[in-house]
Structure formats: structure tokens, C-alpha cells
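J.: Give me coordinates for this.
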Amino acid sequence: MNFKLNIVLICFFIISTASAQKIDADAIIEKTWHIYEAWEGTEAKFTTHISSLRNDASESFEGVLQTKKDKFFLTVPEMMVWFDGATQWTYLPHSKEVNISAPSGDDLLLLNPMLFLQEYKKDYNATLTGESVFANAKAVYDITLTPRKTGTIDKIEIQIEKNASLPVKIIITMRNQLRNTIIINELKKGSHADELFSFPEASYLGVEVIDLR
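T.: Here you go, the predicted structure:
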């Protein structure tokens, strides 16, 4: 009888712990999302390291991401991307061409990883895997998001600073073995006009326009 009771208690403890982990992870992300939403606009300076787990190829670069709700403007050394919530313009300076597309889902998340705050509950299961110390000696929560459906993304690992409730590191691992590690060097509130998120044609006269929609 005692043996059976112990088994029941152990099972109850395991189930309760797993439930608590999910609730904690959700609560942490929700708090971050409320801050992000209240700001309305943000500006993030970041460093990205992209690597291939198959052939050890990698590259690193810095960039700036400005957002307003689901709109964003991304600047990295070899590319500029505008997204107004429906249409995306990708300008490639080296070839002087701009590609127009209408992305969604994982494609948008790869360019604007802050979207996970808005979309994770619908598409991902969140698990609090532990706590650790970030490079700046600040305590962080370690959270893993796993997709509910099979897609291009295998998992997303996030570190959220405990005191500020802001993300400091995001790792996106793809099913094709590509890994994108994003270190957020600075994240602050920003006020942006809607015009920032549309391609300024008058400033890029003569570029080749390729409509992929």
C-alpha cells in the first residue's frame, strides 16, 4: 500500500513540476511581451552569428532592427529590409536590386525574431529549462520554444534578463542544420513614423525592382 502511494505521489510531483515549468515560461514571456507592446516601437542593436552544423561554415555581423508592432526595418552590412505589415522590400546594395515579397510565418521570424513574443503561444510550446548568468553577469531565464507543427524551425532558445524582463540572446535552430545566434547588445524604446517601414523609392532611383509576390 505504501509502495503504491509513493508511486502516485511521485507521478503527481512530476506532473505538477512539468505544469509549473510551462506556467512559469509563459508568465516570463508574457511579461516581456507586455513591455514590448507598451513601448509600441523599439530599436535593437545586435550581433548575429550564423553557422552551419553540417559543414562548420559560419559568419558574424552586426545590425540594427527597428520595430513598430508587426512592422520592422532591418539594416545589416549586405542587406536592408523594410516590412510594413504586409509587403516586404529587400534591398541588396551590391547588386542594386530590390526584391518585393509578401512573407509570413517562419520567414518573418528569421528577420524579426521579436515576433516570437507575439506569435509563440499560437505556434510554440514554451519550457523553462533553467536559469543562468549572461555575459554581462546578469541573471537570465533560459526558455526553449518548440514548434507545435513541423516546419523550417526546429527550436528557439531564448535568454530573458530577470530584472529587466527583456531578451538578451535568441538562438534559432533550423531543421536544415543552420543556427542563428543573436546577441542583443542594446534594446530600447523607439518612436517611429510608419514611413520608416516602407521602401523609399525616391531615394533609390535606378535600382532593379523584382516583384516576387
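J.: residues in contact with the residue nearest to the spatial centre of the chain?
T.: For the chain, the residue sitting closest to the mean C-alpha position, by C-alpha atoms, centre = their mean, is P113 at 2.1 Å. P113 sits next to I156, I170, I172, I182 when contact means C-beta atoms under 8 Å, 6 or more residues apart in numbering. Yep, even glycine has a C-beta here, placed from its N, CA and C like the rest.
J.: The strand or helix carrying F61: which residues count as buried?
T.: Assigned by DSSP states H and E, F61 falls within strand 58-68. Using 16 or more other C-beta atoms under 10 Å as the test for burial, strand 58-68 gives G63, L65, Q66, T67, K68.
J.: Output the contacting helices and strands for the next helix or strand after that strand.
T.: The first helix or strand that comes after strand 58-68 along the chain, using DSSP H and E, is strand 71-76. Where contact means 3 or more C-beta pairs under 8 Å, 6 or more residues apart in numbering; DSSP states H and E, strand 71-76 is packed against strand 58-68, strand 79-83.
J.: and strand 71-76, how far from the chain's centre?
T.: Remark: strand 71-76 is offset 13 Å from the chain centroid, using C-alpha atoms, centre = their mean, to the nearest Å.
J.: Other residues contacting that strand?
T.: With C-beta under 8 Å, 6+ apart as the test, strand 71-76 has contacts from 48, 61-67, 80-85, 111-112, 114, 192, 194, 196-197.
J.: Repeat the analysis, applying 7 Å as the threshold.
T.: Outside strand 71-76, the residues that touch it by C-beta atoms under 7 Å, 6 or more residues apart in numbering are 61, 63-66, 80-85, 111-112, 196-197.
J.: what's the closest non-adjacent residue to Y36?
T.: Leaving aside its chain neighbours, Y36 sits nearest to L117 (5.4 Å; criterion: C-beta to C-beta, 6 or more residues apart in numbering).
J.: meant to ask about F199, not that
T.: With C-beta to C-beta, 6+ apart, the residue lying closest to F199 is W89, at 3.6 Å.
J.: So which elements touch the strand or helix carrying Q118?
T.: Using DSSP H and E, Q118 sits within helix 116-123. Helices and strands touching helix 116-123, by 3 or more C-beta pairs under 7 Å, 6 or more residues apart in numbering; DSSP states H and E, are helix 2-39, strand 139-147.
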